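Visitor: When you get a sec, could you give me coordinates for this:
(one chain, ligands or ions: 1)
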Amino acid sequence: MQNSLRYTKLFGKSLRESPADETSINAKLLIKSGFISKHMAGAFNILPLGLRVIAKISTIVREEMNKIDGQEVLMTVLQPKELWEETGRWSKLKGAMYQMKDSSGKDVGLGFTHEEPMISIARTRAQSYKDLPIYLYQIQSKFRDEPRARSGLIRGREFMMKDLYSFTTSKAELDKYYEVVGKAYKKVYERMGLNTVYTEAAGGVFTKDNTHEFQVLTEGGEDTIFYCDGKGCGFAENKEIARVSSGDKCQKCAKTGHDETIKEARGIEVGNIFRFGDVMTKQMGFTFKDKDGQDKPVFLGSYGIGITRSMAAIVETHNDEKGIIWPESVAPFQIHLINIGEGKVKDEANKNFEELTKEGKEVLYDDREVSAGVKLSDADLIGIPERWVVSEKTLKENSVEVKKRSEKDSKLVKISSL
Ligand SMILES: [Zn+2]
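Guide: Purely as a prediction, here's the structure:
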């Protein structure tokens, strides 16, 4: 990834109008500002600006997964029917998984999730207690034949996901790792600027119970969450399984003598964790020999983070009427440099661009010959955390005007001190 870029060379410049066929904030802003383009319903191309954000999100995810002993692999997207018949999910997932016949008449599918393929590689290489536990993850495109593709990157038919799978020798070991992953996830989301609510949920087509979601509470969400924001409480349930409703007294708080009320909010599910236990591994004959030479079932846990969906959730929760406000950790560039004026002004801006780049700063330099208004409104739309303006006025003061995207006021900073 280059450190810096001149806007004149960027592929995917901002559009003057919002896309008319999109209603979600994330799709409107990301398309208008040139981060993504729509390919078909539920499928979006990631443009250079967008890919920089995806790369930063992925780096955060990788760092935290590696810290909890995850090892990265890359599985195939193409799936043979036979493998998915071992768990009975080929027929169960009909209508949700892309399933088709290839030119030889063989049934193949596109990766919907990867429990079966992961078990298939783990069972050939882990046969003894000495080979376990194993924690494998990948960052890859997933496919879902989603009839209600909408909300931009929130509900897509093709999207990027990080999926981690744990193979352990006991239920206790699975439970312990499940908690470790939960904590790592919290950290991942904090690092990318997302506040998440740890929510009890139904497993859907995955498991009956033992499932949690990480929900970002925001109007643009598709899920409904009942939660309590009492201090230290942490109660939250997805409406799908909720035993409470809005306005109820929080029973958890009541136990400690506190009077709190259950609230209702919309949420975007940016991650989920499942305890499959030994059901699927038994179906697929994945056992290991313990110390006494006895065959025992392996326990499976499965943990997802929506990469493109996280990008959408960040945009849904970090914007104003002018555009996106990227958190520093995932911003495509750190500095948006603008020259207002030509001649000496442009020379000074060029110099700044070269020096900042040499120092390793990530700079998007708007060197176009367009009006100040266009440059400033595009800077607000794209949402890079810091804007630097070089103009006649700032040159007179030997300064650059520095403004944070998240703040109202700008300040003049002496060039010598930069
Ligand atoms: Zn409570």
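Visitor: pLDDT at residue 70, what is it?
Guide: Predicted confidence (pLDDT) for residue 70: 98.
Visitor: My error: substitute residue 209 in the last question.
Guide: 60.
Visitor: tell me the strands in the stretch 301-418 of the chain, going along the chain?
Guide: For the stretch 301-418 of the chain, the strands defined by DSSP state E, counting those that start in this stretch occupy 319-320, 323-324, 335-340, 363-366, 386-391, 399-404, 410-414.
Visitor: what about the strands in the stretch 1-150 of the chain?
Guide: 5-6, 36-40, 43-46, 71-72, 78-80, 99-101, 107-110, 134-143.
Visitor: Relative to the ion, which of these is closest?
Guide: Between the ion and the strands of the stretch 1-150 of the chain, the tightest spacing by Cβ to the ion is seen for strand 134-143, at 33.0 Å. Where you see a C-beta, it was placed from the backbone N, CA and C, and this is true even at glycine.
Visitor: how about the residues of the stretch 201-350 of the chain near the ion?
Guide: Contact residues (Cβ under 5 Å from the ion) of the stretch 201-350 of the chain with the ion: 228, 230, 233, 235, 250, 252-253, 260.
Visitor: Buried only: go through those residues for me.
Guide: 228, 230, 235, 250, 252-253, 260 (16 or more other Cβ atoms under 10 Å).
Visitor: which residues sit in contact with the residue in the stretch 51-200 of the chain positioned nearest to the ion?
Guide: The minimum distance from the stretch 51-200 of the chain to the ion, using Cβ to the ion, falls at residue 197 (12.3 Å). Applying Cβ atoms under 8 Å, 6 or more residues apart in numbering, we find residue 197 in contact with 214-217, 225, 227, 236, 267.
Visitor: quick revisit: so can I have a markdown table of the strands of the stretch 1-150 of the chain showing mean neighbour count and distance to residue 158?
Guide: Formatted as a markdown table, these follow (neighbours: other Cβ atoms under 10 Å; distance: least, Cβ to Cβ, whole Å):
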| stretch | mean neighbour count | distance to residue 158 |
| --- | --- | --- |
| strand 5-6 | 18 | 27 |
| strand 36-40 | 15 | 9 |
| strand 43-46 | 17 | 5 |
| strand 71-72 | 12 | 21 |
| strand 78-80 | 17 | 14 |
| strand 99-101 | 13 | 15 |
| strand 107-110 | 17 | 9 |
| strand 134-143 | 19 | 5 |
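Visitor: Mind telling me which residue of the stretch 251-400 of the chain is nearest the ion?
Guide: The minimum distance from the stretch 251-400 of the chain to the ion, using Cβ to the ion, falls at residue 253 (3.4 Å).
Visitor: what's the helix or strand for that residue?
Guide: Using DSSP states H and E, residue 253 sits within helix 251-255.
Visitor: Run through who's touching that helix.
Guide: Against helix 251-255 from outside (Cβ under 8 Å, 6+ apart): 228, 230, 233, 235, 244, 259-260.
Visitor: and after that helix, which helix or strand comes next?
Guide: Next along the chain from helix 251-255, counting by DSSP H and E, comes strand 263-277.
Visitor: any idea of the mean pLDDT in that following strand?
Guide: Mean pLDDT, computed over strand 263-277, is 96.
Visitor: just stretch 386-393 next, same as before
Guide: In this model, stretch 386-393 has a mean pLDDT of 98.
Visitor: which parts of that stretch are buried?
Guide: Residues of stretch 386-393 classed as buried: 386-391 (neighbour count, 16+ other Cβ under 10 Å).
Visitor: who does the nearest residue to residue 221 once chain neighbours are set aside bridge with?
Guide: Distances taken as Cβ to Cβ, 6 or more residues apart in numbering place residue 266 nearest to residue 221, at 3.8 Å, with adjacent residues excluded. Counting by DSSP bridges, residue 266 is bridged to residue 224.
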